[in-house]
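> here you go, sequence then predicted model.
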Amino acid sequence: MDAMRPSAENSEMDIDEPQFLHRIKMADAKRANASAMAADRTDPFQNVDGLKFVLQKELRNSDVGSLGRIVLPKREAETRLPSLVARGGISLMMEDIHTKQVWAFKYRFWPNNKSRMYILENAGDFIKKHGLRPGDIIMIYKNEEKDSFVLLGLQKFLLISYNIYPEALNYHILLINLFVF
DNA sequence: AGGTCATGCAGCCTA
DNA sequence: AGGCTGCATGACCTG
């Protein structure tokens, strides 16, 4: 299982290489990595077959712990998920593509200083069922035609459909192949 | 400096 | 007592 996880960055250094060349190389690699990370955060698999990237989250200890709630990134949540007026939030139905199990999550926010924190609640069973751990990634896409969403847990190659309107559940099976790497 | 977010934790609830 | 809810705190990041 750990073999599937990202390995640590290769910091091995070419001893024969002049020091300045090595530094330039490392700086370039760092920049490339940084821009790749930035791209991931905004739109890693942009607009595939009508599915628009909404957000991704690398799961933390507190996300996969016993509380069953996942903190979502604020900017993407506010701009790309349904806006929340009441702090009680909204209920979301999600269908597991493999088991056809339908999960009931709750999307809500907490007041935090003068701002908000956005939370996906009742995620404990989902986390446990699929063995998600710190470092695993979930991603949410939106199907704009159906005004619905897709949720993925990357480490386990899970494909979960998530939508506001329960009648629109079958639309993204083709995505599976995109995430087998 | 101000914002974000991972986690701490008080107080309520339930048994 | 122990778990859960709802927010508070503080480390860290960004501009």
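Structure received.

> so which helix or strand takes in residue A:75?
Using DSSP states H and E, residue A:75 maps to helix A:74-80.

> against which helices or strands is that helix packed?
If contacts are counted by 3 or more C-beta pairs under 8 Å, 6 or more residues apart in numbering; DSSP states H and E, helix A:74-80 sits against strand A:51-58, strand A:115-121. In short, each C-beta sits where N, CA and C put it, glycine included.

> quick check: residues of chain A near DNA strand B?
Listed as neighbours of DNA strand B in chain A under the rule C-beta under 7 Å from any atom of the strand: A:60-63, A:71, A:73-75, A:112-115, A:117.

> got the domain boundaries for chain A?
Per automatic domain parsing, the structural domains of chain A span A:17-44, A:47-179.

> picking that back up, please identify the most buried of the helices and strands packed on helix A:74-80.
strand A:51-58 (a mean of 19; mean count of other C-beta atoms under 10 Å).

> how about it as PDB, C-alpha atoms only?
Output of strand A:51-58 as PDB, limited to C-alpha atoms (Å, rounded to 0.1, in the frame of the first residue of the first chain):
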ATOM      1  CA  LEU A  51     -16.800  17.900 -15.900                       C
ATOM      2  CA  LYS A  52     -15.300  21.000 -14.400                       C
ATOM      3  CA  PHE A  53     -12.800  20.900 -11.600                       C
ATOM      4  CA  VAL A  54     -14.100  22.300  -8.400                       C
ATOM      5  CA  LEU A  55     -11.600  21.500  -5.700                       C
ATOM      6  CA  GLN A  56      -9.200  19.000  -4.300                       C
ATOM      7  CA  LYS A  57      -8.000  18.300  -0.700                       C
ATOM      8  CA  GLU A  58      -5.100  16.400   0.500                       C
END
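
> that one vs DNA strand C: in contact?
No: using C-beta under 7 Å from any atom of the strand, strand A:51-58 never reaches DNA strand C; the gap is at least 12.8 Å.

> that older thread, among the helices and strands packed on helix A:74-80, which gets the worst mean confidence?
Least confidently modelled of the helices and strands packed on helix A:74-80 is strand A:51-58, at a mean of 75 by mean pLDDT.
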